[in-house]
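1. Take a look and give me a structure for this.
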Amino acid sequence: MSDLLYSNSQLMLERAMNFQWTKQVTINDNIVNAETPNYKAKYVTFEEALDASIRSALNRDRGRLSSMRSAIDRAQAVVHVADRESMRMDDNGVNVIEQETEATRNAYQMQYTIDAISSNLSLLRTLIRGQ
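-> Next comes the predicted model:
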């Protein structure tokens with residue numbers, strides 16, 4: 001039963017939620033600074049860090065379950081600055097429509113992740129109650 005709380009899939013959901021939260025904060029920063037001269041838009045990546053961490057664990061430990069867990073746990077979202085993009089004459093790099101679209105997409109992804117976490121916790125609650 002406790003495996004459900006400490007499973008790799010539950011940890012992945014937690015990491016996904018951390019990534020999506022970081023992404024939402026970054027998008028909000030971009031939108032807030034849309035009128036700031038010389039501000040460059042930021043974007044967040046997670047997949048590359050997760051992939052590198054898992055590949056490293058596979059090569060090092062031949063895919064042991066504990067090493068996979070630590071590989072997932074080590075993967076962190078990375079914030080990048082799009083310093084070569086300019087949208088306006090004042091060298092601002094924020095496209096507000098693009099950022100708002102990405103914020104909406106991210107909100108849907110966050111809802112999906114919350115639903116998956118909630119489903120896991122509901123299953124755990126059912127197991128605890130013995131129903």
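2. Name the next helix or strand following the least confident helix or strand in the chain by mean pLDDT along the chain.
-> Least confident element among the helices and strands of the chain, by mean pLDDT, DSSP states H and E: helix 2-5 (a mean of 57). As assigned by DSSP states H and E, the chain's next helix or strand after helix 2-5 is helix 8-32.
3. From the contact counts, what lies against that next one?
-> Contact here means 3 or more C-beta pairs under 8 Å, 6 or more residues apart in numbering; DSSP states H and E; on that basis helix 8-32 packs against strand 42-45, helix 65-74, helix 96-129. All C-beta spots, glycine's among them, are computed from the backbone N, C-alpha and C.
4. which residues touch that helix?
-> 4, 41-44, 46, 50, 65, 68-69, 72-73, 75-77, 79, 94, 96, 99-100, 102-103, 106-107, 109-110, 113-114, 116-117, 120 (C-beta atoms under 8 Å, 6 or more residues apart in numbering).
5. pLDDT score for the residue nearest the centre of the chain?
-> By C-alpha atoms, centre = their mean, the chain has its centre lying nearest to Phe19, at 1.8 Å. Looking at Phe19, its pLDDT reads 94.
6. Tyr6 now?
-> 67.
7. From the contacts of helix 8-32, list just the buried residues.
-> Buried members of the contacts of helix 8-32, scored by 16 or more other C-beta atoms under 10 Å, are 41-44, 46, 50, 68-69, 72, 75, 77, 94, 99, 102-103, 106, 109-110, 113, 116, 120.
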